[in-house]
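>>> Next input, structure requested:
(one chain, ligands or ions: 1)
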Amino acid sequence: MKNVWLELKKKKNKAPILALAPLAGYTDSAFRLICKNFGADVVYSEMASVTALYYESEKTLDLLKFCKKEKPYIVQLFGSDPAHFVKAVKIIEKEIKPDGFDINFGCPVKKVLKQGAGARLMSNLKLSREIIENVLKSTKLPLSVKIRTESFSIGALEFVKNISDLPVSALMVHGRTLKQLFSGPIDLKIIKEIKDNFSGVVLANGGINNFKEIEGLVQATGVDGVGIGRGALGRPWIFSDKCSNLNQTELKDLIFKTAYKHLKLIKKNKGEAGLGEFKGHLAWYFKDFAGASSLRAKIMNAKSFSEIENIIKA
Ligand SMILES: Cc1cc2nc3c(=O)[nH]c(=O)nc-3n(C[C@H](O)[C@H](O)[C@H](O)COP(=O)(O)O)c2cc1C
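Next up is the predicted model:
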């Protein structure tokens with residue numbers, strides 16, 4: 001069985017691996033494909049509940065469907081019950097056939113923490129290890145983990161040392177503590193320590209807003225690549241070096257063209273049910289240029305994709 005992480009490392013030949021980080025509510029099939037077309041090397045699904053999959057939720061399984069052009073594609077899972085992970089992994093391997101699995105150890109959302117998952121799971125070293133061991137035993141696909149620099153007093157390094165003998169292929173570290181949530185400085189020192197103490201592929205994540213910042217983060221930490229989250233929202237060309245120096249007119253043109261393509265894709269995949277999510281994306285596309293706020297207001301009031309299509313065309 002091929003290991004996507006080893007292949008990516010070989011293919012990139014010391015250039016940074018560029019990953020689209022998981023973003024619930026955003027990184028669906030349409031957005032993943034758009035990022036892939038702009039140069040993302042690997043894309044993650046939105047986090048999916050292993051408990052929902054354990055109880056055979058069709059809706060959750062549907063959320064994980066993808067198209068081949070997105071590959072390599074990683075499915076991210078959250079939960080806290082080893083048995084739920086085992087069943088979920090088996091179902092997904094059979095029904096979805098992704099290139100790898102990822103476990104979420106960083107989500108700060110209360111509903112997730114309450115069930116002992118996400119960042120709460122990172123702080124439970126014994127259970128984290130048990131879940132990782134069980135997933136490794138249940139699938140031939142490579143496993144990665146996504147962690148924070150600290151969660152409930154457990155540091156990233158402690159977490160990594162606790163699993164250092166297990167064949168975990170990759171790790172994405174969000175360079176912020178649980179307390180920081182999604183803002184504030186990225187801890188370069190801890191990211192570098194993780195790189196020095198983890199034998200698999202290490203991706204640094206947090207606060208990357210343009211192509212140049214990728215290089216800065218890689219140089220400062222020695223990581224194998226980066227995970228880009230919000231920096232890709234409304235600006236999916238962040239993965240493309242070629243698009244890093246556009247003038248205002250070229251940029252505006254790219255925004256409209258990409259938003260239009262995105263609309264077509266999401267409409268094809270989800271029908272009118274995707275309208276609310278697409279409005280979320282449009283709020284990111286239509287900012288930072290003259291007239292953007294009135295355009296946003298019009299779009300938020302739109303009742304259908306065809307209404308939005310007309311606004312974009314106009
Ligand atoms: C709206 C939103 C949804 C997110 N969903 C997930 C998720 O499903 N799984 C996950 O591991 N992290 C999730 N994250 C965290 C991001 O993957 C990333 O670690 C964080 O946003 C920092 O990176 P950035 O500064 O590049 O956005 C989410 C973040 C945001 C803002």
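
>>> Now do the longest helix along the chain: everything it contacts.
Using DSSP state H to define each element, the chain has its longest helix at helix 248-270. For helix 248-270, the external contacting residues (Cβ atoms under 8 Å, 6 or more residues apart in numbering) are 28-31, 33-34, 234, 236-237, 243, 246, 274, 277-278, 281-282, 285-286, 289, 305, 308-309, 312-313. Glycine gets a C-beta too; all of them are placed from N, C-alpha and C.

>>> Just the buried subset of the residues you listed, written out for PyMOL, thanks.
Only the buried members of the contacts of helix 248-270 end up in this PyMOL selection, burial being decided by 16 or more other Cβ atoms under 10 Å:
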select buried, resi 28+29+30+31+33+34+234+236+237+243+274+277+278+281+282+285+286+305+308+312
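
>>> Keeping just the C-alphas, turn the longest helix of the chain into CSV.
Output of helix 248-270 as CSV, limited to C-alpha atoms (Å, rounded to 0.1, in the frame of the first residue of the first chain):
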residue,chain,number,x,y,z
GLN,A,248,-5.5,45.1,-8.3
THR,A,249,-7.3,44.6,-11.7
GLU,A,250,-5.9,41.1,-12.1
LEU,A,251,-6.8,40.2,-8.6
LYS,A,252,-10.4,41.4,-9.0
ASP,A,253,-10.7,39.4,-12.2
LEU,A,254,-9.4,36.3,-10.4
ILE,A,255,-11.8,36.8,-7.5
PHE,A,256,-14.8,37.0,-9.8
LYS,A,257,-13.8,34.1,-12.0
THR,A,258,-13.0,31.9,-9.1
ALA,A,259,-16.1,32.7,-7.2
TYR,A,260,-18.2,31.9,-10.3
LYS,A,261,-16.4,28.6,-10.8
HIS,A,262,-16.9,27.8,-7.1
LEU,A,263,-20.7,28.6,-7.4
LYS,A,264,-21.0,26.2,-10.3
LEU,A,265,-19.2,23.4,-8.4
ILE,A,266,-21.1,23.8,-5.2
LYS,A,267,-24.4,24.0,-7.0
LYS,A,268,-23.7,20.8,-8.9
ASN,A,269,-22.7,19.0,-5.7
LYS,A,270,-25.3,20.2,-3.3
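
>>> Right, I'll leave it there.
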